[in-house]
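Trainee: Output the structure for:
(4 chains)
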4 protein chains.
Amino acid sequence: MNWEAFLAPYQQAVDELKVKLRGMRSQYEYESSHSPIEFVTGRVKPISSILEKARRKQMPMNTIEKEMQDIAGLRVVCQFVDDIYAVGSMLKNRNDFTVVEEKDYISDKKESGYRSYHIIIEYPVETIHGEKLLLAEIQIRTLAMNFWATNEHSLNYKYSGQIPVKIQSRLKRAAEAAFRLDEEMSIIRNDIQEAQQIFRKKQEKNKHGRDNGF
Amino acid sequence: MNWEAFLAPYQQAVDELKVKLRGMRSQYEYESSHSPIEFVTGRVKPISSILEKARRKQMPMNTIEKEMQDIAGLRVVCQFVDDIYAVGSMLKNRNDFTVVEEKDYISDKKESGYRSYHIIIEYPVETIHGEKLLLAEIQIRTLAMNFWATNEHSLNYKYSGQIPVKIQSRLKRAAEAAFRLDEEMSIIRNDIQEAQQIFRKKQEKNKHGRDNGF
Amino acid sequence: MNWEAFLAPYQQAVDELKVKLRGMRSQYEYESSHSPIEFVTGRVKPISSILEKARRKQMPMNTIEKEMQDIAGLRVVCQFVDDIYAVGSMLKNRNDFTVVEEKDYISDKKESGYRSYHIIIEYPVETIHGEKLLLAEIQIRTLAMNFWATNEHSLNYKYSGQIPVKIQSRLKRAAEAAFRLDEEMSIIRNDIQEAQQIFRKKQEKNKHGRDNGF
Amino acid sequence: MNWEAFLAPYQQAVDELKVKLRGMRSQYEYESSHSPIEFVTGRVKPISSILEKARRKQMPMNTIEKEMQDIAGLRVVCQFVDDIYAVGSMLKNRNDFTVVEEKDYISDKKESGYRSYHIIIEYPVETIHGEKLLLAEIQIRTLAMNFWATNEHSLNYKYSGQIPVKIQSRLKRAAEAAFRLDEEMSIIRNDIQEAQQIFRKKQEKNKHGRDNGF
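Mentor: Prediction:
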């Protein structure tokens, strides 16, 4: 298998999607409104991980193009849980790719404690041999979900997927702590939005008459 | 006029098109064939240059979106003149934008000595408020054309567009020298391609039997 | 004040330090050992924030070069608390800058709940007018500390530094949750390191004879 | 030989030097004076080229660190021949590296027609194992020299260093055309500088009294 030729359009797709998703963030910033996007990363799955996953899921190599959805992977990290759904609905409104599947591991978290929102898209990439449609996975998470998942991933890597039960239970407690963090933040978010509405009304009043020192 | 909001989708288009055109170059490289693309640059036209051009061309500001074609500008620099047309025809085959105009200042060079191939495209950019179609100019040139044009541009800037006649005539002589360079290189290009064909045939022969030391 | 000229060497310092600190991360990766560095970001303090801080701290403008330590700011984010001190001691061993101050807000956290390790360095930047020594702040934090601090920063910005008491107390509870997360992870880290030592010993044994299925 | 470990500090040096040399260009720009630097590129020599050169020059592998000067390579491209010497003298004034050798292939061009100014520096790179002094080559050229050298390089690559005599003589004629271009441009440069001085004097006069419509 010529991996370099096989992976090149995936790399191209990741490069293009990083620019596109980061562009959304810049647009929010220059319109000086709250950006639901904190940062964006992307990567092409390493060959060793593709092989390992194909073996584990018993996928013949000639089907991975159709069946392995995360060879091109993007990650959008948000501040608040609600931002995740805002990003998700924006992605579904775009014309430059098609959403083919959604996996909500937030309302339905994984056994391990993993929480994240996954969107699978079909993305048209122009190559020097013509257009090619390929699958890409966009993971949308809060900072806390990402923090936890990063640590779980490194433990999984170190234990080759067989994390000892004792550490698994610690990881679950950590996942609950991360979940509580997100909940605290979500409650504060409402306070922020209420406060902002009060401020805005105050400012409008001022324009029509009283100067109350604001 | 809110310039930041007006120019943001142009910046986004330039960022996306740089990644797309540079991607073509990488694809040629990993397929280890000659890339017609040497390098790609891009820029959004500075506000002062937009204002100056609108004034000079007597364009009302509410028409620049439709009439000023180079607010988003990309430049593709090639080694050989023939590569320019190869790049041009690839761009016309892509599905992610539409070519709306072509200007061949190579077969029909400008009075100043300027040579370049310009393609005007209509590019769909996704913004947080929906899709926006905008114009972008892709300039395709050889290294020699680019070398000359860079120097002419800096002289034009320094003389505010009024280059003294004496220097104008020197620039024209330089343009002719650059043109001769491109011609010399084009002739050598044919030699290279012939040589490569001979080599390839030799290699194929070797596979079927004789080892003639190659 | 010519802000562009004043800030240019700081931008240069931030650009150089980002490359230098990210380089440390790559080095760990190709030596395939655990990198204490998760990611590195950097920024020059916006002019409005410089003015606001100078006013708040009653710094005359001609002293900010000597007294405002965070005009050039770098952030190194780590997975584990212990990694912070490892990064800190590496920074102190480098010859390309001098550490002039350390602030340990981890063993001595701020009233607000803020935890982070700050190192102030004196960095020599080469300009076209000669070498210039300037101050830069490097903040070293875990992912959890960074998560919390990012949220506190955005709340501070929204409330102009006057976060309501009720939200302040929620933030403190969030800070405690983040702290517990780091503690859980630190304990697991020890497990990982012990496990890795056991694995390594096993592997060495195998080389000398028995195949125990590992 | 562990090439990845061997080449890592060279990659780090190239990354740092690109940021440093590009920074010089930005500084000229925001001081709105003519920048002698048009653009900067950099690369680590590919392993195959290192091996090929070591074989050709009969360098034992354990001496390449001391004797192969261009493993880390930077290229600074200028508009005018005089800019090359301006860049060269700035590089000699910096404190962050030491110039150990200069090769002036401009006043003393190579038999092939190659013209360029090479500076060999000793650059201290901080690694996670401490400081490492290594050699790097900085090539300084005009756009025309670079245009010619790029083409010669690709021909050399295609003919494995054995360019046919007929093409060699065409290349020499192209080199002479490139040389004449640089000469034309150098003469115009003087005109520009004279013109700029006249303009500046005019402007100063205006400040002290007459408004002559400039």
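Trainee: Do any residues in the longest strand along chain A lie close to chain B?
Mentor: As assigned by DSSP state E, the longest strand anywhere in chain A is strand A:130-142. Yes: Strand A:130-142 lies within reach of chain B by C-beta under 8 Å from any C-beta of the partner chain, at A:130, A:131. The way it works is simple: take the backbone N, C-alpha and C, and place the C-beta from them, glycine included.
Trainee: which non-adjacent residue is nearest residue A:172?
Mentor: Spatial nearest neighbour of residue A:172, chain neighbours left out: residue A:113 (4.8 Å); criterion: C-beta to C-beta, 6 or more residues apart in numbering or on different chains.
Trainee: quick one: secondary structure of the one you found?
Mentor: Look at residue A:113: counting by DSSP: H, G, I helix; E, B strand; the rest coil, its state is coil.
Trainee: what's near enough to touch it?
Mentor: Neighbouring residues of residue A:113 by C-beta atoms under 8 Å, 6 or more residues apart in numbering or on different chains: A:148, A:152, A:171, A:172, A:174, A:175, A:176.
Trainee: if I pick the residue nearest to the spatial centre of chain A, what's in contact with it?
Mentor: Central residue check for chain A by C-alpha atoms, centre = their mean: the C-alpha nearest the mean position is that of residue A:140, 2.1 Å away. Residues near residue A:140 by C-beta under 8 Å, 6+ apart: A:75, A:76, A:78, A:84, A:87, A:88, A:116, A:117, A:118, A:119.
Trainee: swap in residue A:117?
Mentor: A:84, A:85, A:88, A:102, A:103, A:104, A:105, A:106, A:139, A:140, A:141.
Trainee: circling back to that earlier point, in the contacts of residue A:113, which residue is surrounded by the most others?
Mentor: Counting neighbours by other C-beta atoms under 10 Å in any protein chain shown, residue A:148 comes out on top of the contacts of residue A:113 with 29 neighbours.
Trainee: what ranges of chain A fall below the confidence cut-off?
Mentor: Low-confidence segments of chain A (pLDDT under 70): A:32-33, A:191-214.
Trainee: Show me which residues of stretch A:89-107 are buried.
Mentor: A:91, A:94, A:96, A:97, A:106 (16 or more other C-beta atoms under 10 Å in any protein chain shown).
Trainee: And the fourth one, how far from residue B:149?
Mentor: I take that to be residue A:97. Per C-beta to C-beta, to the nearest Å, residue A:97 is found 37 Å from residue B:149.
Trainee: again with the third one
Mentor: Computed with C-beta to C-beta, the distance linking residue A:96 and residue B:149 is 33 Å.
Trainee: and if you look at residue A:177?
Mentor: From residue A:177 to residue B:149 the distance is 60 Å (C-beta to C-beta).
Trainee: Then residue A:11?
Mentor: 32 Å.
Trainee: What ranges does chain A have for its helices?
Mentor: In chain A, the helices defined using DSSP state H lie at A:3-30, A:47-56, A:64-67, A:81-93, A:143-158, A:165-207.
Trainee: ranking those helices by burial, who's on top?
Mentor: A comparison of the helices of chain A by mean neighbour count, using mean count of other C-beta atoms under 10 Å in any protein chain shown, puts helix A:143-158 on top with a mean of 21.
Trainee: ok, back up a step: which of the contacts of residue A:140 lies closest to chain D?
Mentor: When the contacts of residue A:140 are compared for distance to chain D (C-beta to the nearest C-beta), residue A:75 wins out at 24.5 Å.
Trainee: Tell me what the closest one is bridged to.
Mentor: Here residue A:75 sits in beta bridges with residue A:41, residue A:139, going by DSSP bridges.
Trainee: and it, how many neighbours does it have?
Mentor: Going by other C-beta under 10 Å, the residues that sit close to residue A:75 add up to 19.
Trainee: Is it correct that it is in contact with residue A:146?
Mentor: Yes: counting by C-beta atoms under 8 Å, residue A:75 touches residue A:146, with 7.4 Å between them.
Trainee: before we move on, the earlier item: so which bits of the longest strand of chain A are buried?
Mentor: Buried-residue list, strand A:130-142, by 16+ other C-beta under 10 Å: A:132, A:134, A:135, A:136, A:137, A:138, A:139, A:140, A:141, A:142.
Trainee: so how far is residue A:70 from the third one?
Mentor: The gap separating residue A:135 from residue A:70 is 8 Å, by C-beta to C-beta.
Trainee: With the last one instead?
Mentor: Applying C-beta to C-beta, the value for residue A:142 to residue A:70 is 20 Å.
Trainee: Also the fifth one?
Mentor: Going from residue A:137 to residue A:70 by C-beta to C-beta gives 4 Å.
Trainee: next one: the second one
Mentor: Distance check for residue A:134 against residue A:70: by C-beta to C-beta, it reads 12 Å.
Trainee: Could you pull out the residues contacting both of the two?
Mentor: Joint contacts of residue A:134 and residue A:70 (C-beta under 8 Å, 6+ apart) do not exist.
Trainee: close enough to count as contact, residue A:53 and residue A:67?
Mentor: No: contact criterion C-beta under 8 Å: residue A:53 and residue A:67 do not qualify, at 10.1 Å.
Trainee: which residues do these two both contact?
Mentor: residue A:59.
Trainee: hmm, back to that, now flag whichever of the contacts of residue A:117 is closest to residue D:46.
Mentor: When the contacts of residue A:117 are ranked by distance to residue D:46 (C-beta to C-beta), residue A:139 comes first, at 34.9 Å.
Trainee: Report the contact partners of that closest one.
Mentor: A:73, A:74, A:75, A:76, A:116, A:117, A:118.
Trainee: Widest-spaced pair of the residues you listed?
Mentor: In these, two members sit farther apart than any others by C-beta to C-beta. They are A:73 and A:117, at 13.8 Å.
Trainee: and chain A, which residues reach chain C?
Mentor: Counting by C-beta under 8 Å from any C-beta, the residues of chain A that sit close to chain C are A:38, A:79, A:143-144, A:146-148, A:150-151, A:154-155, A:158-159, A:164, A:166-167, A:170-171, A:173-174, A:177-178, A:180-181, A:184-185, A:187-188, A:191-192, A:195-196.
Trainee: doesn't residue A:119 make contact with residue A:97?
Mentor: No: in this structure, residue A:97 is not within contact of residue A:119 by C-beta under 8 Å, at 9.7 Å.
Trainee: Report the spatially nearest residue to residue A:4, omitting neighbours in sequence.
Mentor: Residue A:4's closest residue in space is residue B:30 (C-beta to C-beta, 6+ apart), at 5.0 Å.
Trainee: The nearest residue to residue A:43 once chain neighbours are set aside: neighbouring residues, count only.
Mentor: Sequence neighbours aside, residue A:73 is the residue nearest to residue A:43 in space, at 5.6 Å (criterion: C-beta to C-beta, 6+ apart). Burial of residue A:73 is recorded as 19 neighbouring residues (other C-beta under 10 Å).
Trainee: And for residue A:2?
Mentor: 9.
Trainee: Ok, residue A:61 next?
Mentor: 12.
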